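Colleague: take a look and give me a structure for this.
(chains A, B, C and D)
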Protein chains: 2
Amino acid sequence: MIVRVLKYAILGLLYRQEYSGYDITSQFKKEIGQFWSAKHSQIYPELRKLVDEGLLHFRTQIQGEKLEKKMYTITEAGRKELLEWALSPEPLPETEKDAFMLKMYFIHTLSQEEARILFENQLQQRQEKLVHLKQEYEQLIPLFGEENTSGAMHFDHPHLGHYLVLTKAIAREQSYVEWLKRHVHLLL
Amino acid sequence: MIVRVLKYAILGLLYRQEYSGYDITSQFKKEIGQFWSAKHSQIYPELRKLVDEGLLHFRTQIQGEKLEKKMYTITEAGRKELLEWALSPEPLPETEKDAFMLKMYFIHTLSQEEARILFENQLQQRQEKLVHLKQEYEQLIPLFGEENTSGAMHFDHPHLGHYLVLTKAIAREQSYVEWLKRHVHLLL
DNA sequence: AATAAACATGTTGATATTTACATGTTTTAT
DNA sequence: ATAAAACATGTAAATATCAACATGTTTATT
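Modeller: Just a heads-up that it's a prediction; the model follows:
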């Protein structure tokens, strides 16, 4: 059950529009970067591989005077493989790596004060991230459509994917913050 | 900021007791496996490396008639490096990879029914996992000490690390299940 | 006009991780 | 007694990922 996820991440991004390698790199710095990302040094070789496999093709476009950029498009074969992957039930990962929780497992190596400082630092970082995510959400409400109006979120909404990853990222950080707050008393 | 997390995971496991490579592999299949793990093919070379670096040493023990196993112990240098890592504030990862959420970002590639099936499958798997984690927790209450008794959880409790990772794993799955339940109506 | 930031595409080397290959012993259940 | 499961340790090959190297263009700011 070997799954080249980056392959499908790229195919998925190209499902609706043409992108350059640079554009794909940029996309991974936006909302989907909460759940998948890759550096450009991994993306460019993968794009070449996908072209070789007949899942993508590209046209070279001139930006300005002479800057050549390659605009990639998904092929029919690419759409077919993307759909096959998207449809397949996603098994739960056995491990969701989290180095902070690894430190918590080894909390007995620290003094109570050292542990408290580490813990409160994580709480602050997670709270700040949560604030940013909520601000992003607030800014996107006009795009998503407010509740109880004709613009409310629904299956065919063009930004459903965006809405789902943003609400999920908020839920993840909210849960993290609540867990941290519920257990900080153990270190006081 | 290169951090060999497996190195510290192994040092941390050996902080309180001697383990063989096989034992370490087994530990990663238990509670800490929710947040960090590695295969034996990665562990054995890492153990050799840590011995070479003077952070571990081992003695060969005979199991039964002739089965040789290597029991590893952390050295003073190992403890020093472990503590240094454990103390250092843990930055948030930019990306917490989740292939299911990547599929959700590309939900527009599926029909509503296909999306619903995928979504409900994930909900079921997450619910089952949550039940298992809660059962584990219930079984461990005697070990943790029930609330409002002299055995309640506190900083010096010998199983605080275990308690923290288990409650965190439960919080993570609970949050996942709640998010799934809150959004399944979009696919009905 | 100069400069910084953003745009744009690659490669190389080092690590990290997984799957498969490879072998043998000990314990438990039938 | 036998077979299966668990114990035990390694290596090899492939893939995934990241940091650093390498180069050049275009756009926005000052």
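Colleague: please count neighbours and contacts with C-alpha atoms only from this point.
Modeller: Will do.
Colleague: ok, stretch A:63-74 near DNA strand D or not?
Modeller: Yes. On the criterion CA under 7 Å from any atom of the strand, stretch A:63-74 is in touch with DNA strand D at A:63, A:64, A:65, A:66, A:67.
Colleague: mind listing what's buried along that stretch?
Modeller: For stretch A:63-74, a neighbour-count test (16 or more other CA atoms under 10 Å in any protein chain shown) marks A:69, A:70, A:71, A:72, A:73, A:74 as buried.
Colleague: so can I have JSON lines of the residues you listed showing distance to residue A:59 and secondary structure?
Modeller: Below are those laid out as JSON lines (distance: CA to CA, whole Å; DSSP: H, G, I helix; E, B strand; the rest coil):
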{"residue": "A:69", "distance to residue A:59": "8", "secondary structure": "strand"}
{"residue": "A:70", "distance to residue A:59": "6", "secondary structure": "strand"}
{"residue": "A:71", "distance to residue A:59": "5", "secondary structure": "strand"}
{"residue": "A:72", "distance to residue A:59": "7", "secondary structure": "strand"}
{"residue": "A:73", "distance to residue A:59": "8", "secondary structure": "strand"}
{"residue": "A:74", "distance to residue A:59": "12", "secondary structure": "strand"}
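Colleague: if we can go back for a sec, let me have the residues of stretch A:63-74 next to DNA strand D in CSV, extended by secondary structure.
Modeller: Converted to CSV, the residues of stretch A:63-74 next to DNA strand D look like this (DSSP: H, G, I helix; E, B strand; the rest coil):
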residue, secondary structure
A:63, strand
A:64, coil
A:65, coil
A:66, coil
A:67, strand
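Colleague: closest to chain B among those?
Modeller: Distance to chain B across the residues of stretch A:63-74 next to DNA strand D (CA to the nearest CA) is lowest for residue A:63, with 28.9 Å.
Colleague: grab the nearest non-local neighbour of that closest one.
Modeller: Setting aside the residues directly before and after it, residue A:63 is nearest to residue A:69 in space (CA to CA, 6 or more residues apart in numbering or on different chains), at 6.9 Å.
Colleague: stretch A:95-104: which residues count as buried?
Modeller: For stretch A:95-104, the neighbour count (16+ other CA under 10 Å) marks A:96, A:97, A:98, A:99, A:100, A:101, A:102, A:103, A:104 as buried.
Colleague: secondary structure element for the closest residue in space to the last one that isn't next to it in sequence, which one?
Modeller: Counting by CA to CA, 6+ apart, residue A:104 lies nearest to residue B:161, which is 5.8 Å off, once chain neighbours are set aside. Assigned by DSSP states H and E, residue B:161 falls within helix B:160-183.
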